[in-house]
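This is the structure alone, sequence omitted:
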Ligand SMILES: Nc1ncnc2c1ncn2[C@@H]1O[C@H](COP(=O)(O)OP(=O)(O)OP(=O)(O)O)[C@@H](O)[C@H]1O
């Protein structure tokens, strides 16, 4: 659906060129939730804003359904933007307008709907974001989560094909973040809406994204399916972001403190196997014990996963045989420390 091809962008600050994006290429498929993660200043906002040309790339192409939007005329761009919703970290609502008026605004702008059609659509949207009872309130009278729901309703008003989310949950507490992420997922599924979201939090990527790209100082350093990137990060920055959300990596220190002999293995489970007694089966087959040293069990979107480091206790067999046995259960086994 979207192909970003070799996009570069710089800003000029006090006469000096500040690079924001360097030769970024990525593809977002129709109907997926695509995450872009990076630390502050990595170029995430700039990248997401090239998708509706709020920022125009210096070079490169942004293809949407095969058409290069950087070549669009003003009229084409206006109609494309109408089909591209956007939500923001600080909501960007019009403070002097009520909830209903904020949602009504983009519908009126098109000049294409009758008053009755507009009112019906506003009602539908407010119901979708569960704000029907707040339609006459002003943004200042709403919580952060409610404000973002208004932002979402407004962004969906013209039935966009693409929704851009610029740090949409960064100003919200964890519980409200979860409810907004659920709403985004629900919208993605119900309407097949493609979502591109940027965030600095791996937890947000884990909760809703299908694929993820990692940006570091304007350079795309890693991309892939969330499970692969999260469980087997390749780039140092990706590893640091994963570590920040699920601290691990202390197993060598922990096992030294326990003063137990035996190699350390990292086991990665993905899918239904996560909740099956694989450890017990392997332990029985090889007459071994496993000490769980550290680990995480959770969900990537709705797929269960686990990554644990275990210490092998007992007469250690040939590790290749052990790895193969875990492999038969689709559990990835890597030696962390001999
Ligand atoms: N309008 C601008 N004028 C000048 N420099 C800018 C402008 N917008 C961004 N930059 C610079 O471009 C680089 C990328 O910024 P960008 O906002 O895209 O990063 P980000 O990853 O979204 O950061 P954050 O998470 O802090 O918003 C940074 O060095 C930033 O200072």
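Everything's here; your move. Since the model is a prediction, treat every value here as computed from it, not as a measurement.

So which residues make contact with stretch 164-173?
44-45, 48-49, 51-52, 84-91, 144-145, 148, 151, 176-177, 180-181, 184, 195-201, 204 (Cβ atoms under 8 Å, 6 or more residues apart in numbering). Using the backbone N, CA and C atoms, a C-beta is placed for each residue, glycine as well.

Just the buried subset of those residues, written out for ChimeraX, thanks.
Here is the ChimeraX selection string for the buried members of the contacts of stretch 164-173, based on 16 or more other Cβ atoms under 10 Å:
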select :44,45,48,49,51,52,84,85,86,87,88,89,91,144,145,148,151,176,177,180,181,184,195,196,197,198,199,200,201,204
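
next structured bit after the lowest-mean-pLDDT helix or strand in the chain?
Every helix and strand in the chain was compared by mean pLDDT, DSSP states H and E; the lowest is helix 251-258, with a mean of 68. Downstream of helix 251-258, the next assigned helix or strand under DSSP states H and E is strand 264-270.

Show me what that following strand pairs with in its sheet, parallel or antiparallel.
Its sheet considered, strand 264-270 pairs with strand 303-313 (antiparallel), strand 332-337 (antiparallel) by DSSP bridges.

Give me the buried stretch members for the helix or strand just after that strand, please.
The helix or strand immediately downstream of strand 264-270 is helix 278-286, counting by DSSP H and E. By neighbour count on 16+ other Cβ under 10 Å, the buried set for helix 278-286 is 278-279, 282-283, 286.

Also stretch 30-42?
32-38, 42.

what sits against the residue of the stretch 151-300 of the chain found nearest the ligand?
Closest residue of the stretch 151-300 of the chain to the ligand, Cβ to the nearest ligand atom: residue 200 (5.7 Å). Residue 200 makes contact with 37-40, 44, 167, 170 under the criterion Cβ under 8 Å, 6+ apart.

Show me the residues you listed that map onto strands.
Those of these mapping onto strands are residue 37, per DSSP state E.

for the contacts of residue 200, which one is nearest residue 308?
Nearest to residue 308 out of these is residue 37 (Cβ to Cβ; 24.0 Å).

How about the contacts made by that closest one?
By Cβ under 8 Å, 6+ apart, the contact set of residue 37 is 44, 198-202, 205, 212-215, 241.

which parts of this protein sit against the ligand?
Counting by Cβ under 6 Å from any ligand atom, the chain comes close to the ligand at 11, 13, 18, 20, 38, 40-46, 200.

Out of these, list just those in helices.
Counted as lying in helices by DSSP state H, out of these, are 44-46.

can you list the residues you listed in TSV and add pLDDT?
Compiled in TSV, these are given as follows (pLDDT from 0 to 100):
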residue	pLDDT
44	96
45	95
46	96
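
Closest one of the residues you listed to residue 120?
The shortest approach to residue 120 among those belongs to residue 45, at 34.4 Å (Cβ to Cβ).

Near the nearest residue to that closest one once chain neighbours are set aside, how many other residues are there?
Of all residues not flanking residue 45 in the chain, residue 166 sits nearest, at 5.7 Å (Cβ to Cβ, 6 or more residues apart in numbering). Residues lying near residue 166 (other Cβ atoms under 10 Å) number 21.

Look up how far residue 240 lies from residue 166.
Residue 166 sits 22 Å away from residue 240, going by Cβ to Cβ, to the nearest Å.

picking that back up, mind putting the contacts of residue 37 into a markdown table with distance to residue 156?
Shown next, in a markdown table, are these (distance: Cβ to Cβ, whole Å):
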| residue | distance to residue 156 |
| --- | --- |
| 44 | 22 |
| 198 | 19 |
| 199 | 20 |
| 200 | 25 |
| 201 | 23 |
| 202 | 27 |
| 205 | 22 |
| 212 | 23 |
| 213 | 24 |
| 214 | 28 |
| 215 | 27 |
| 241 | 30 |
